[in-house]
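[1] The following comprises the amino acid sequence and a computationally predicted model.
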Amino acid sequence: MWQKWLWFAAITCLAIPLFSQQATASASQADTHKEALMEEALLQLLHEDIYKSLQTIFRVTIPQFNHERIARIDSYVTGLKPHRPVDAIGGARVYEIDVEVTMSNGQRVLLTLNNESGSYGMVKHRLLR
C-alpha cells in the first residue's frame, strides 16, 4: 500500500511543473508526449477515488464515464507539528487536483480531490454545462 503512495507522490511531484506551466509554441513533441503520459499515470492512480466520488455524487453502483482529464494541480504545505507523523495533518505538502470527468450521458463533472486526510478523497464537486 505504501508503495502505491510513494509512486503517486513521485508522479505528482514531477507532474506539478508540467501542468502548472503554460505550453509554449516551441515546446518539443517529446515534452508533450511526456506530459500526456504523466497525466495518464496520475489518472490511473486516481481512478479508484474518481470512481468512488462518482458513485457518491450520482448514487449509482457502477458509474459510466467516457473521458477524464486533469484540469488543475495545486499544492500547499500544512503547519508543521513535530510530535505527529509526517502526513497532511502533521505537516506536509498537500496536493489538490481538479479532474474533469465526462459521463456517458454527456454530463460533465469537475471533481476536486486532495490528500489532506492522508489519502485522496473528494473535497467538492461541481456539475458543468
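    Okay, I see it. Residues are numbered from 1 along each chain as shown.
[2] Mind checking what secondary structure residue 98 has?
    strand (DSSP: H, G, I helix; E, B strand; the rest coil).
[3] got the contact list for it?
    Going by CB atoms under 8 Å, 6 or more residues apart in numbering, residue 98 touches 70, 71, 72, 73, 110, 111, 112, 113. All C-beta atoms are positioned from the backbone trio N, CA, C, and that covers glycine.
[4] Give the partner strands of the helix or strand containing the third one in its sheet and their orientations.
    In this case it means residue 72. Using DSSP states H and E, residue 72 sits in strand 65-77. Applying DSSP bridges, strand 65-77 is found paired with strand 93-103 (antiparallel).
[5] From the rest of the structure, what touches the very next helix or strand once past the strand it pairs with?
    Using DSSP H and E, the helix or strand that follows strand 93-103 towards the C-terminus is strand 108-114. Here strand 108-114 makes contact (CB under 8 Å, 6+ apart) with 46, 49-50, 53-54, 57, 71, 88, 94-103, 120-129.
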